[in-house]
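> Pasting the sequence and the predicted coordinates here, then a few questions.
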Amino acid sequence: MDFRDSPREADFRSRLRRWLSSNVPRSAVPEEDGERFHFLQEWHRRLYEGGFIGLAWPAEYGGQGQSEVHEAILNEELGAAGAPTAPHIGFLGRAILLFGSEEQKRRYLPGLLSGDEVWCQGFSEPDAGSDLASLRTSATPEDGQWVINGQKVWTSDAQYADFCLLLARSDRDAPRHRGISGLIVPMRAPGIKVVPLVQISGSREFCEMYFDDVRVPGDSVVGAPGDGWRIAMATVAFERGPVDIGFSSRYQREVAALEARFRDGGFADPESARRRLARAYAAVEVLRVHVLRSLSRRGRGDVPGWESSVDKLLMTRVEQDLHHTVMDVHAPEPLLGAAPEVLHNYFFSRSQSITGGTSEIQKNIVARRGLGLPAD
Ligand SMILES: Cc1cc2nc3c(=O)[nH]c(=O)nc-3n(C[C@H](O)[C@H](O)[C@H](O)COP(=O)(O)OP(=O)(O)OC[C@H]3O[C@@H](n4cnc5c(N)ncnc54)[C@H](O)[C@@H]3O)c2cc1C
C-alpha cells in the first residue's frame with residue numbers, strides 16, 4: 001500500500017504543523033492528577049478551537065467530516081511537535097453516534113467533542129470485567145424513569161465526569177446478553193458516590209462508583225432497552241481500534257528522547273543501549289504503519305471487527321517493551337527517584353494489557369473470530 005499523504009492529507013498536515021508551531025503548550029504536563037487533568041482539558045479545548053478534534057466525525061454533530069487517516073496524521077504530528085496527545089474520547093461518542101437518537105446526538109456529541117462535557121465509561125464491575133455480561137448493576141423502570149442501583153469499578157476520570165455511559169441490567173428475565181441496556185447518566189444526579197482508587201503509579205486515574213436509587217429520565221437509554229450488549233461491543237471495538245490507539249506519537253517522542261540521550265553519551269552500556277534503541281525504533285515504526293494500514297482498510301464510521309484486538313495486542317506489546325527499555329537504560333535512576341516520569345510511564349504501561357479488555361481476552365477473540373478456532 002501507499003503510505004504517502006494524498007494531496008488533501010498533505011494540505012491538512014501542513015496546516016496542522018503551522019498551527020502546532022504556535023500552539024503547543026510551553027510547560028510540561030503536570031505530575032499531580034488534578035492539575036494534569038485540567039491541563040489536558042485545556043489542551044483538548046485548544047485543539048478543538050483549532051479544528052483538530054472529531055476529525056472523522058460528521059460535521060452536523062461538531063466534527064470535521066474528514067477521513068480516519070486524518071486522526072492518524074494528527075497523532076503523528078502531535079508526537080513530532082512534542083505536544084501532549086489528543087484526548088482519548090472518541091470511543092464513547094461512537095456509541096451515541098451509532099446507537100443514539102437524533103436528539104441524543106445533537107445534545108451530547110458537540111459537548112463531548114469540544115471538551116466542555118467530560119464523559120466516563122461505566123462498564124466494569126467488581127465481578128464483571130472480562131465477563132462483562134455478568135454485570136449486576138440494575139436499571140428498573142419506575143414512573144417513567146429508570147432507577148439505578150449497583151457498583152462500578154475502574155471507571156477512568158469518573159471524579160471529573162459530567163456524564164457516564166452506563167451499562168445496567170434492565171431485564172432480569174432475559175438471557176444475560178439481552179437484558180442489558182446502555183444509559184446516559186448525569187454524574188451529578190443524587191445517589192452517586194465516586195471514590196478514586198490509587199494505582200501503583202501513584203495516580204488516581206480511575207474510581208469506584210456507587211449508585212443508590214439514582215433516578216434518570218426514561219429517555220436516557222441509548223438505542224432500545226436491551227441493546228446494551230451491542231453498544232458495549234461496538235464501544236470496546238473502537239476503544240481497541242486504530243484511531244484510539246493512535247498513541248504511536250507518544251512512543252515516537254520517547255524513542256526520540258532516548259536517541260538524544262544516547263547521542264549525548266548518557267548511558268553506561270552504550271552498545272546495549274544502541275541495540276535496544278534500534279529495536280524500539282523499529283517496533284514503533286511497525287506500529288505506526290500497521291495503524292495506517294488498519295485505518296485505510298476501514299470505511300468511515302465502520303465498527304472495527306476482531307482486527308482491533310490485533311491492533312490492541314500490538315500496541316500493548318510496543319508500549320510495554322518500550323517502557324521496559326527506557327527503565328533499563330536509565331537504571332538505576334528511576335528506582336532511586338531521580339526520573340519519576342520514567343517510573344510512572346513504566347508502571348502505567350503495565351495497565352495496557354488490562355484496560356479495554358485484557359490481552360488474554362484479545363487473544364481469545366482473535367483465535368475464535370479471526371482464526372475460527374473452537375471455544376475450548
Ligand atoms: C488503566 C485502566 C483503565 C480502565 N478504565 C475503565 C473504564 O473507564 N471503565 C470501565 O468500565 N472499565 C475500565 N477498566 C477496567 C477494565 O476494562 C478491566 O480491568 C478489564 O476488562 C479486566 O477485567 P477485570 O479487571 O475484572 O479482570 P478479570 O476479568 O477478573 O480477569 C483476571 C485475569 O483473568 C484472565 N481471564 C479472565 N477471563 C479469561 C478467559 N476467558 N480466558 C483467559 N483468561 C481470562 C484475564 O485476562 C486476567 O488476566 C480500566 C482498567 C484499567 C487497567
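Received, thanks.

> Residue 259 belongs to a strand?
No. If the criterion is DSSP: H, G, I helix; E, B strand; the rest coil, then residue 259 is helix and not within a strand.

> and residue 261, what does it touch?
The contact partners of residue 261, taken as C-beta atoms under 8 Å, 6 or more residues apart in numbering, are residue 267. Just so you know, the C-beta spots here come from the backbone N, C-alpha and C atoms, and that holds for glycine as well.

> what separates it from residue 170, distance-wise?
Counting by C-beta to C-beta, to the nearest Å, the gap from residue 261 to residue 170 is 54 Å.

> List the buried residues in stretch 37-52.
Within stretch 37-52, the residues that count as buried by 16 or more other C-beta atoms under 10 Å are 37, 39, 40, 43, 44, 46, 47, 48, 52.

> would you list these in JSON lines and tack on secondary structure, distance to the ligand and pLDDT?
As requested, these are exported to JSON lines (DSSP: H, G, I helix; E, B strand; the rest coil; distance: C-beta to the nearest ligand atom, whole Å; pLDDT from 0 to 100):
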{"residue": "37", "secondary structure": "helix", "distance to the ligand": "14", "pLDDT": "91"}
{"residue": "39", "secondary structure": "helix", "distance to the ligand": "19", "pLDDT": "95"}
{"residue": "40", "secondary structure": "helix", "distance to the ligand": "15", "pLDDT": "93"}
{"residue": "43", "secondary structure": "helix", "distance to the ligand": "20", "pLDDT": "95"}
{"residue": "44", "secondary structure": "helix", "distance to the ligand": "17", "pLDDT": "95"}
{"residue": "46", "secondary structure": "helix", "distance to the ligand": "24", "pLDDT": "96"}
{"residue": "47", "secondary structure": "helix", "distance to the ligand": "21", "pLDDT": "96"}
{"residue": "48", "secondary structure": "helix", "distance to the ligand": "22", "pLDDT": "95"}
{"residue": "52", "secondary structure": "coil", "distance to the ligand": "24", "pLDDT": "95"}
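
> Just name the closest of those to residue 101, please.
Closest approach to residue 101 among those (C-beta to C-beta): residue 48, at 24.0 Å.

> Touching, the closest one and residue 113? I think so.
Yes. Contact criterion C-beta atoms under 8 Å: residue 48 and residue 113 qualify, at 6.4 Å.

> which residues do those two both contact?
Common neighbours of residue 48 and residue 113, counting by C-beta under 8 Å, 6+ apart, are residue 54.

> Check the gap between the residue positioned nearest the centre of the chain and residue 233 for me.
Nearest to the mean C-alpha position of the chain, by C-alpha atoms, centre = their mean, lies residue 88 at 4.3 Å. Distance, residue 88 to residue 233, by C-beta to C-beta: 19 Å.

> isn't residue 358 right next to residue 132, touching?
No. With contact defined as C-beta under 8 Å, residue 358 does not count as touching residue 132 (11.7 Å).

> Of all the residues in the protein, which one is nearest the ligand?
In the chain, the residue found nearest to the ligand is residue 129; the distance is 1.9 Å by C-beta to the nearest ligand atom.

> Contact partners for that residue?
Residue 129 neighbours (C-beta under 8 Å, 6+ apart): 154, 358.

> distance of it from residue 170?
Applying C-beta to C-beta to residue 129 and residue 170 gives a distance of 20 Å.

> can you list the residues of the stretch 201-350 of the chain near the ligand?
Neighbours of the ligand within the stretch 201-350 of the chain, by C-beta under 6 Å from any ligand atom: residue 206.

> okay, now residue 78: neighbour count?
Residues near residue 78, counting by other C-beta atoms under 10 Å, number 24.

> whoops, residue 290 was the one
The tally of other residues near residue 290 (other C-beta under 10 Å) stands at 18.

> for the record, mean pLDDT for stretch 231-250?
Average pLDDT, stretch 231-250: 77.

> That stretch spans what distance, first to last residue?
29 Å (C-alpha to C-alpha, to the nearest Å).

> how far is it from where the chain is centred?
Chain-centre distance of stretch 231-250: 6 Å, with C-alpha atoms, centre = their mean, to the nearest Å.

> so where is the stretch 251-376 of the chain shaky, pLDDT-wise?
Applying pLDDT under 70 to the stretch 251-376 of the chain flags the ranges 298-301.

> Repeat that for the stretch 101-250 of the chain.
Along the stretch 101-250 of the chain, the parts satisfying pLDDT under 70 run over 242-247.

> What ranges does it have for its helices?
Taking DSSP state H, counting those that start in this stretch as the test, the helices found in the stretch 101-250 of the chain are 102-114, 228-240, 248-263.

> residues of the longest one that come out buried?
Residues 248, 249, 250, 251, 252, 253, 254, 255, 258, 259, 261, 262 are the ones in helix 248-263 that count as buried (16+ other C-beta under 10 Å).

> Determine the next helix or strand in the C-terminal direction from the host helix or strand of residue 295.
Per DSSP states H and E: residue 295 is located in helix 270-297. Downstream of helix 270-297, the first helix or strand assigned by DSSP H and E is helix 307-330.

> what's the angle from that following helix to helix 228-240?
40 degrees (axes from the mean of the first three to the mean of the last three C-alpha atoms, to 10 degrees).

> and the angle for the following helix or strand past helix 307-330 with helix 307-330?
Sequence-wise, the next helix or strand downstream of helix 307-330 (DSSP H and E) is helix 340-350. Angle, helix 340-350 to helix 307-330, by the same axes, to 10 degrees: 150 degrees.

> and the next helix or strand after helix 340-350, what other elements does it pack with?
Using DSSP H and E, the helix or strand that follows helix 340-350 in sequence is helix 359-365. On a contact count with 3 or more C-beta pairs under 8 Å, 6 or more residues apart in numbering; DSSP states H and E, helix 359-365 meets helix 307-330.

> Just the C-alpha atoms of the helix it packs on, please, in PDB.
The C-alpha trace of helix 307-330 is given here as PDB (Å, rounded to 0.1, in the frame of the first residue of the first chain):
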ATOM      1  CA  GLU A 307      -8.800  -7.000  13.800                       C
ATOM      2  CA  SER A 308      -9.000  -4.200  16.500                       C
ATOM      3  CA  SER A 309      -7.900  -6.900  19.000                       C
ATOM      4  CA  VAL A 310      -4.700  -7.400  16.900                       C
ATOM      5  CA  ASP A 311      -4.200  -3.600  16.900                       C
ATOM      6  CA  LYS A 312      -4.500  -3.600  20.700                       C
ATOM      7  CA  LEU A 313      -2.200  -6.600  21.200                       C
ATOM      8  CA  LEU A 314       0.400  -5.000  19.100                       C
ATOM      9  CA  MET A 315       0.100  -1.600  20.800                       C
ATOM     10  CA  THR A 316       0.300  -3.200  24.200                       C
ATOM     11  CA  ARG A 317       3.500  -5.100  23.300                       C
ATOM     12  CA  VAL A 318       5.100  -2.000  21.800                       C
ATOM     13  CA  GLU A 319       4.200   0.200  24.800                       C
ATOM     14  CA  GLN A 320       5.400  -2.400  27.400                       C
ATOM     15  CA  ASP A 321       8.600  -3.200  25.600                       C
ATOM     16  CA  LEU A 322       9.400   0.400  25.100                       C
ATOM     17  CA  HIS A 323       8.900   1.400  28.700                       C
ATOM     18  CA  HIS A 324      10.900  -1.700  29.800                       C
ATOM     19  CA  THR A 325      13.700  -0.500  27.600                       C
ATOM     20  CA  VAL A 326      13.500   3.100  28.900                       C
ATOM     21  CA  MET A 327      13.600   1.800  32.500                       C
ATOM     22  CA  ASP A 328      16.600  -0.500  31.800                       C
ATOM     23  CA  VAL A 329      18.700   2.000  30.000                       C
ATOM     24  CA  HIS A 330      18.000   4.700  32.700                       C
END
